[in-house]
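Engineer: pasting the sequence and the predicted coordinates here, then a few questions.
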Amino acid sequence: MLGYALYRILLVIPTMIIVAVIAFSLIHLVPGDPAVLIVGDAQNTELLAKTRADLGLDRSPVEQFFIWSGNILQGDFGVSIASGEPVLELLWSRFGVTAYVVLVATLVSTLIAVPAGIFAAWRQNATADVAIVGLAILALSIPSFWAGIVLILVFGVELGWLPTVGYVPPSEGLIKSLSYIILPVVALTLIQAGTVIRMARAAAIDELRLEYITYARSKGLSDFAVLSRHLMPNALAPVLTIIGFILGTLLAGAAVIETVFTLPGLGRLLVDSILGRDYPVVQGGVLLIAVIYILVNLAVDLVYPLLDPRVRLT
Amino acid sequence: MLRPLPLLLTLLTLFAGACSAPVQDRSGEEIRVAIGSDLRSTEPGVDRDASTDDIMNHVVEGLVGYRSDLTPGPVLAKAIERSADGLTYRFKLRPDVLFHNGEPLEASDVVWSIQRQLRPDSRFLCKNWYDGSEGLEITGVRATQPDEVEIQINEPDALFLTKLANFQCLLGVVHPNSAKADGTWVSPIGTGPYTISDWQKGRYVLLERFEQYQPSDLPKDGFAGARIPEVERIRWMVIPDAASARAALYSGDVDLIYNVDAADLDDLRAHDSVRILTSPSLDWNVLLMQTSDPILQDRKVRLAISHAIDRSRLAEAVTAGISSENPSAVAASSPYFGSVQRTGNEYDPQLAARLLKESGYDGQTLRITTNRRYQHMFDNAVFIQAMLKDVGFNAELDVTEWTAQLSRYFAGDFQLMTMGFSARVDPALAYAAFLGDKGTDGWAQWQSAEASELLLAAGRSSDPAERQKAFDKIHRLMVRDAPMINLYNHYIIHAVGPRVEGYEAMPTNKIALWGVDVDEQAQGSN
């Protein structure tokens, strides 16, 4: 397994080179440059040229790429054009917010969705199954921004139970911090739970048809024992893949949820940076997202054999 | 093996605890203002946007600022003296003014601040206003006394004080410790009624009252006069989503939202506790026409477009009746807005169709570039497209992203474009925003030697009658040439929560929270 992990980690290098080229090319292909936003409607051609030169935008794209990638190799991701902050510091601080909210949401959704999916499979075609599947489809169908706004209006405006906007990091008080992330967590849980319930149900139905379940039942084990000790571990392996995929996607930025709930996360930063043509942040952010995807997928792959002994990593 | 039940119970307990915690810490006197984007930088006039201006105007002050009637009035200056030849200005400084680090303001600090912004390598956005490239040049700044500054300029300029008072390009006075020895900016040590006490990027900027602030003896008057910091703290909360900002206002999590879209007025009106302030602003909306385009270089085509657009209906629809049509670049609230400025190319579809026929227009596509970031620009484009089609134009929308549109504006790369200009308090500054040399400046919309001469004269003269005459002539030339179409002045919609007392919207659409207080007993209701 160690050899496999090392092999996968080494694969990061060519992947990152390709990602770097794509990230740089794509953002530079988008028309518009950040200098016009800085100069704004101060109609000053000379200042526009000076600003472009200060930002290095007067050089050829190839030259800009080699300067940027050379700096990256030295650990210098540059500074944000919009805020002047070092990119790495900025990305890391914003990633922390996203990771906090997304990990809590993933934990909650997994704790709800996996048992719900397995229970639905256990009661296949019964009322409970139809209800759970119906709720899962509903959760999948609701656009996240709409769910976010409705949650804000109900729990923030009408009931006044929770803050409507803002973010408080756990370092400023866990309870206070949690009160600020409940609504975004619920909105994200809705997004994830629908998918995970359906996946868990499908995986459990496949397992339920296998002989070892029949054997476990014939031994006289209780329903709970069959479900928790035999069915769940086996059904969990394929579900883990989908959870890993969702986690990777959300860690890369839950931009819509972050915007609606004004969370200063990675997704919002990247959207703002793309709109503001903040090249160093966008390029650095895309590299970071690539690393997140690679690491999450690697983690899922490494956990897989623990859940399913038939899987061998070589 | 996972044991989900205990974990779930623990989590639910934590959530329940969180729910019972106070929703917001509203202790102390604090006003919360929603801003659409974070502070760009703390260096005034260098890296800015509207939110940045609003925040920094509470921290850093200049010698002068705009009064409510948009004339320049004293801020750090106590008295202003202009020499008979109009080339020397003497500013007597207000006594007892302290910087945020406790040091007293001296004339040498003003000299240092101005010289720093105007040095050759400065990135001050409006350096061209003072370096001679547009005529006016500051030829000398010196401290004549510890509390007196003298500024010399190369030629009489009626707009000198108006430019000094500009909030977008504030020549702010800061303590020399605000920058390193090499000129690199550190942080603002200003003289304003508030100091920046905390900036959590992407979350909020917190200003705290400067307890040693000595306000002017003059009454509060726009940006001039007394700036009394009544409320202890101002928290500028970054809320990019408009619907979230409104929800936060209704719940009492914020006290003030501004730059509200007219389409959201009905939603605001449904909440009795919200006070809505509306008025026309100095910003103005236009349809740009690229006069070097093969089709649009024909004046008849441009005139046909002018006569095809019903500005009155357009303004009524897009601004929810807050603003009305303005065929001129002179703001409707300006003292220079008179009978001449009210007249333009009237809406006359028959005449438009006739002019179009005469021009030999053959159904070629005209693309109207616009964006979805600024809803009013998009709405303008949609209405204009329909009106142009009515008279026989083949007009199409070219919806692009804002930054891309702005780049195309600077490059002159468009046929028709809906655009908005931010507030210019004097007509001369408004005309300077689009009058220029199209050969060198892509942003220049109108190249007219005659108009440029008149504009220069209006800038030099201090006689209102003479200036009015010049502006009237420029307007008539503009109506004749039709290089672009002025549509209407934009609108101001501010929504204020029940706790806020004494807040007024300014015609410049800027936020001034000095003199504003909060009533801690007032509760929001939905």
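Structural biologist: Arrived safely. Numbers count the residues shown, from 1 in each chain, chains lettered A, B, ... in the order given.

Engineer: for the residue of chain B found nearest chain A, which non-adjacent residue is spatially closest?
Structural biologist: The minimum distance from chain B to chain A, using Cβ to the nearest Cβ, falls at B:G202 (2.9 Å). For the C-beta atoms, the positions are set from N, CA and C on the backbone; glycine is no exception. In this structure, B:G202 finds its nearest non-sequential neighbour in A:P264, 2.9 Å apart by Cβ to Cβ, 6 or more residues apart in numbering or on different chains.

Engineer: pLDDT score for the one you found?
Structural biologist: Here, the pLDDT recorded for A:P264 equals 93.

Engineer: give me the neighbour count for it.
Structural biologist: In terms of burial, A:P264 registers 23 neighbours under the definition other Cβ atoms under 10 Å in any protein chain shown.

Engineer: helix/strand/coil for it?
Structural biologist: For A:P264, the secondary-structure state derived from DSSP: H, G, I helix; E, B strand; the rest coil is coil.

Engineer: isn't it up against A:V97?
Structural biologist: Yes. In this structure, A:P264 is within contact of A:V97 by Cβ atoms under 8 Å, at 5.5 Å.

Engineer: what do those two both touch?
Structural biologist: A:167, A:258 (Cβ atoms under 8 Å, 6 or more residues apart in numbering or on different chains).

Engineer: please report the distance of the closest residue to chain B within chain A from A:Y180.
Structural biologist: Residue nearest to chain B within chain A (Cβ to the nearest Cβ): A:P264, separated by 2.9 Å. Counting by Cβ to Cβ, to the nearest Å, the gap between A:P264 and A:Y180 amounts to 11 Å.

Engineer: any shared contact partners between the two?
Structural biologist: Between them, A:P264 and A:Y180 share these contacting residues under Cβ under 8 Å, 6+ apart: A:Y167.

Engineer: could you list the low-pLDDT ranges of chain B?
Structural biologist: Counting by pLDDT under 70, chain B has low-confidence residues at B:1-28, B:523-526.

Engineer: longest strand anywhere in it?
Structural biologist: What stands out as the longest strand in chain B, according to DSSP state E, is strand B:275-289.

Engineer: direction included, what does that one pair against?
Structural biologist: Strand B:275-289 sits in its sheet next to strand B:416-421 (antiparallel), strand B:484-496 (antiparallel), going by DSSP bridges.

Engineer: how far is the next helix or strand after it from where the chain is centred?
Structural biologist: Scanning forward in sequence from strand B:275-289, with DSSP states H and E defining helices and strands, the next element found is helix B:299-308. Per Cα atoms, centre = their mean, to the nearest Å, the displacement of helix B:299-308 from the mean C-alpha position of its chain is 30 Å.

Engineer: ok, and for helix B:299-308, which residues are buried?
Structural biologist: Buried residues in helix B:299-308, defined by neighbour count with 16 or more other Cβ atoms under 10 Å in any protein chain shown: B:300-308.

Engineer: helices along the stretch 151-300 of chain A, start to end?
Structural biologist: Listed from the start of the chain, the stretch 151-300 of chain A has helices (DSSP state H, counting those that start in this stretch) covering A:174-208, A:211-218, A:223-225, A:232-251, A:255-260, A:266-275, A:279-307.

Engineer: cool, the stretch 151-300 of chain B as well?
Structural biologist: For the stretch 151-300 of chain B, the helices defined by DSSP H, counting those that start in this stretch cover B:160-164, B:242-251, B:265-269, B:299-308.

Engineer: same for the second one, what does it pack against?
Structural biologist: The one in question is helix B:242-251. helix A:144-151, helix A:255-260, strand B:30-35, strand B:256-257 (3 or more Cβ pairs under 8 Å, 6 or more residues apart in numbering or on different chains; DSSP states H and E).

Engineer: can you put these in TSV and add mean neighbour count and distance to B:P74?
Structural biologist: Below are the helices and strands packed on helix B:242-251 laid out as TSV (neighbours: other Cβ atoms under 10 Å in any protein chain shown; distance: least, Cβ to Cβ, whole Å):
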stretch	mean neighbour count	distance to B:P74
helix A:144-151	18	46
helix A:255-260	24	42
strand B:30-35	25	26
strand B:256-257	26	27
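
Engineer: hmm, back to that, quick one: residues contacting the residue nearest to B:G202.
Structural biologist: With Cβ under 8 Å, 6+ apart as the criterion, the residues that contact A:P264 are A:93-94, A:97, A:167, A:258, B:200-203, B:238.

Engineer: export the buried residues of helix B:299-308 to a markdown table and tack on distance to B:F414?
Structural biologist: Below are the buried residues of helix B:299-308 laid out as a markdown table (distance: Cβ to Cβ, whole Å):
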| residue | distance to B:F414 |
| --- | --- |
| B:K300 | 20 |
| B:V301 | 15 |
| B:R302 | 14 |
| B:L303 | 19 |
| B:A304 | 18 |
| B:I305 | 14 |
| B:S306 | 17 |
| B:H307 | 21 |
| B:A308 | 18 |
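
Engineer: I'd like the residues you listed laid out as CSV, including distance to chain A.
Structural biologist: Written out in CSV, the entries for those read as follows (distance: Cβ to the nearest Cβ, whole Å):
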residue, distance to chain A
B:K300, 28
B:V301, 25
B:R302, 21
B:L303, 25
B:A304, 28
B:I305, 23
B:S306, 23
B:H307, 28
B:A308, 27
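
Engineer: quick check: the farthest pair among the residues you listed?
Structural biologist: When Cβ to Cβ is used, the two most widely separated members of the buried residues of helix B:299-308 are B:K300 and B:A308, lying 12.3 Å apart.

Engineer: what count of nearby residues applies to residue 199?
Structural biologist: All of this refers to chain A. Here the neighbour count serves as a burial measure; for A:M199 (other Cβ under 10 Å) it reads 23.

Engineer: you looked at the wrong chain, it should be chain B
Structural biologist: Summarising burial for B:W199: neighbours were counted as other Cβ under 10 Å, giving 17.

Engineer: and what of B:T370?
Structural biologist: Other residues within reach of B:T370 by the criterion other Cβ under 10 Å amount to 27.

Engineer: hmm, it is touching B:N380, no?
Structural biologist: Yes. Counting by Cβ under 8 Å, B:T370 touches B:N380, with 7.3 Å between them.
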